[in-house]
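**Q** generate a structure from the sequence data that follows.
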Amino acid sequence: MKSIPLLLVFLAGCAAPAEPAFVTWLPSHPIVVAHRGGASIGPENTLRAIQRAQEPRIEAEVMEIDLHSSSDGTVVVIHDKSVDRTTGVGQGCDIDQDDGKQTFGDLLVSEMTLAELQALDAGACYMTEEGDRPYASDGVTIPTLRETLTRFPTQRFMLEIKQTDPPIVQSVLDLVAELDAFERSCFLAFDEGATQQLAELGPEGTCISQPASGIRCWSTDGLFPFGGGGCPAYDVMWMPHTSSGLNLKSERIINNIHDAGMPAFMWTINDADTMEAALAAGVDGIITDRPDIARDLLGRPGINIQENNR
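**A** Reported below is the predicted structural model:
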């Protein structure tokens with residue numbers, strides 16, 4: 001009889017880790033994820049954009065934001081390695097955004113102090129469809145991650161780690177822990193090494209999305225019978241709706257991802273027709289610069305909300 005308690009202890013120790021709180025929170029209907037806080041409704045990756053995406057007519061359930069670090073070690077919210085495209089300095093507003101391989105600006109985030117970064121005008125380059133720049137010289141700054149999580153204490157975030165050299169994973173995890181924000185955060189790093197760091201350094205229950213290699217694997221698995229075997233499973237799938245000319249808005253792909261226990265979110269979809277195609281495939285969330293369009297399409301919980309029976 002003494003072996004029974006020992007067996008129970010052993011079995012308890014072998015139990016699967018608990019599902020992250022971010023995942024268990026997800027509703028049964030598709031959600032709106034404001035890409036860069038809603039890059040088409042306000043200056044991307046700023047508090048102003050997030051505020052707009054929280055307005056009653058939109059109410060985006062999740063905000064996706066991008067992370068780098070200043071030269072003096074503060075985690076800041078910005079997409080590119082450089083500040084030029086969003087603040088108008090250096091090469092100016094009209095340069096291309098980072099493409100994953102290179103940056104086109106001159107002034108690097110990692111080489112500037114926080115004071116230098118926040119002296120810049122993060123609203124300078126935002127332009128409406130009419131060609132206006134309503135946020136220029138209006139006090140919009142590059143926010144820190146601390147400011148963002150503190151300013152919106154109940155908002156859920158997808159935190160995308162962009163900077164890998166020098167690495168910032170530990171700094172991000174430490175700050176999220178300090179602010180007790182793990183339950184409302186999920187982490188994304190397309191870089192394999194940074195994703196592995198998240199898995200190794202994050203506490204139990206840390207929500208982690210697929211790196212770029214995982215996205216490629218699952219996409220291939222869903223498209224071709226001979227591809228993708230043994231794809232890794234993380235907590236969520238954050239994937240494009242097209243890749244290398246291939247349409248990934250496929251029910252087969254999404255079903256495979258769901259069968260592995262992962263909710264699937266698609267980016268970056270800014271028109272209603274493409275949103276509808278992704279929803280028809282069964283995605284759990286639309287990642288968009290236009291959360292207003294997504295909300296109009298999806299409706300609100302309890303008010304003609306589209307269900308996906310995930």
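
**Q** do you know how far residue 296 is from residue 271?
**A** Using C-beta to C-beta, to the nearest Å, we find residue 296 at a distance of 12 Å from residue 271. Bear in mind the C-beta positions are built from the backbone N, C-alpha and C, glycine included.

**Q** scratch that, residue 280
**A** Residue 280 is 14 Å from residue 271, by C-beta to C-beta.

**Q** and what of residue 205?
**A** 36 Å.

**Q** between the two, tell me which one has more neighbours.
**A** More neighbours surround residue 205 than the other of residue 205 and residue 271, with 16 against 12 (other C-beta atoms under 10 Å).

**Q** check which helix or strand the closest residue in space to residue 109 that isn't next to it in sequence maps to.
**A** Ranked by C-beta to C-beta, 6 or more residues apart in numbering and with sequence neighbours excluded, the top spatial neighbour of residue 109 is residue 68, at 4.4 Å. Assessed by DSSP states H and E, residue 68 sits inside strand 62-69.

**Q** so what touches the next helix or strand after that strand?
**A** Next helix or strand after strand 62-69 toward the C-terminus (DSSP H and E): strand 75-77. The contact list for strand 75-77, computed with C-beta atoms under 8 Å, 6 or more residues apart in numbering, reads 45-46, 65-70, 109, 114, 117, 142-146, 148, 168, 171-172, 175.

**Q** re the thing from before, name the helices or strands packed onto the strand holding residue 68?
**A** Under the contact criterion of 3 or more C-beta pairs under 8 Å, 6 or more residues apart in numbering; DSSP states H and E, strand 62-69 touches strand 31-35, helix 47-53, strand 75-77, helix 145-151, strand 156-161.

**Q** next structured bit after the last one?
**A** Using DSSP H and E, the helix or strand that follows strand 156-161 towards the C-terminus is helix 169-178.

**Q** next, the buried residues of that following helix.
**A** 169, 171, 172, 173, 175, 176 (16 or more other C-beta atoms under 10 Å).

**Q** same question for stretch 111-123.
**A** Here stretch 111-123 shows 112, 114, 116, 117, 118, 120, 121, 122, 123 as buried, counting by 16+ other C-beta under 10 Å.

**Q** ok, now stretch 269-277?
**A** Quick answer for stretch 269-277 (16+ other C-beta under 10 Å): 269, 270, 274, 275, 277.

**Q** do stretch 247-258 as well
**A** Quick answer for stretch 247-258 (16+ other C-beta under 10 Å): 248, 249, 250, 253, 254, 256, 257, 258.

**Q** and of these, the nearest to residue 128?
**A** residue 249 (28.8 Å; C-beta to C-beta).

**Q** any regions of the chain where pLDDT drops low?
**A** Applying pLDDT under 70 to the chain flags the ranges 1-17, 222-229, 301-310.

**Q** show me where it has its strands.
**A** Counting by DSSP state E, the chain has strands at residues 31-35, 62-69, 75-77, 156-161, 185-188, 207-208, 237-240, 242-243, 246-247, 264-267, 285-288.

**Q** for the first one, packing partners?
**A** The one in question is strand 31-35. Secondary elements touching strand 31-35 (3+ C-beta pairs under 8 Å, 6+ apart): helix 47-53, strand 62-69, strand 264-267, strand 285-288, helix 291-298.

**Q** repeat that for 10 Å
**A** helix 47-53, strand 62-69, strand 156-161, strand 264-267, strand 285-288, helix 291-298 (3 or more C-beta pairs under 10 Å, 6 or more residues apart in numbering; DSSP states H and E).
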